[in-house]
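Engineer: Sequence unavailable; structure follows:
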């Protein structure tokens, strides 16, 4: 497993699917190449000062280390976006949340330029 480090890679994953949890958001994107699974970590400034953000990031990295690699899909990039609750949430609960996040069907969001897809309506045409 490799780490994401380039900003362009983080932005590409941000346009992919996401799963929300109280302590983090898991973003994922399938790649077309056959490289290893890559994972990145990010914590925004609204989550606290630098020591608090670093502590959140360390907790997220430890979660991924303790996660079974079989649960990760091959040829995917993942980004864990830390939230403030990661400071006070029980570590075993966060680990369970991460395992569940990898098994949940991801919610796709439309981001970017261009028209949004038309919503499905049940109204019959006249």
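Structural biologist: Looks like it came in fine. As the structure is a prediction and not an experimental result, all values here were calculated from the model. Residues are numbered from 1 along each chain as shown.

Engineer: in the protein, which spans are helices?
Structural biologist: With DSSP state H, the ranges of helices along the chain come out as 7-14, 50-66, 91-103.

Engineer: and the second one, how far out from the chain's middle?
Structural biologist: Right, helix 50-66. Mean-position distance between helix 50-66 and its chain equals 14 Å (C-alpha atoms, centre = their mean, to the nearest Å).

Engineer: one step back: for residue 73, find the nearest of the helices of the chain.
Structural biologist: For residue 73, the closest of the helices of the chain is helix 91-103, at 8.1 Å, according to C-beta to C-beta. From N, CA and C alone the C-beta is placed, and that goes for glycine too.

Engineer: sorry, back to before: now the helices of the chain in TSV, with mean pLDDT, distance to residue 30 and mean neighbour count?
Structural biologist: Output for the helices of the chain, formatted as TSV (pLDDT from 0 to 100; distance: least, C-beta to C-beta, whole Å; neighbours: other C-beta atoms under 10 Å):
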stretch	mean pLDDT	distance to residue 30	mean neighbour count
helix 7-14	94	10	15
helix 50-66	96	19	16
helix 91-103	93	14	15
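
Engineer: got CSV for these, with distance to residue 42 too?
Structural biologist: Output for these, formatted as CSV (distance: least, C-beta to C-beta, whole Å):
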stretch, distance to residue 42
helix 7-14, 7
helix 50-66, 8
helix 91-103, 15
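
Engineer: Can you say which of these is nearest to residue 21?
Structural biologist: Short answer: helix 91-103, nearest of the helices of the chain by C-beta to C-beta, at 4.4 Å.

Engineer: show me the contacts for residue 68.
Structural biologist: Neighbouring residues of residue 68 by C-beta atoms under 8 Å, 6 or more residues apart in numbering: residue 99.

Engineer: got a pLDDT number for it?
Structural biologist: Among the per-residue scores, residue 68 shows a pLDDT of 84.

Engineer: how much space between it and residue 95?
Structural biologist: Distance, residue 68 to residue 95, using C-beta to C-beta, to the nearest Å: 10 Å.

Engineer: Name the nearest residue to residue 23, sequence neighbours excluded.
Structural biologist: Distances taken as C-beta to C-beta, 6 or more residues apart in numbering place residue 86 nearest to residue 23, at 4.0 Å, with adjacent residues excluded.
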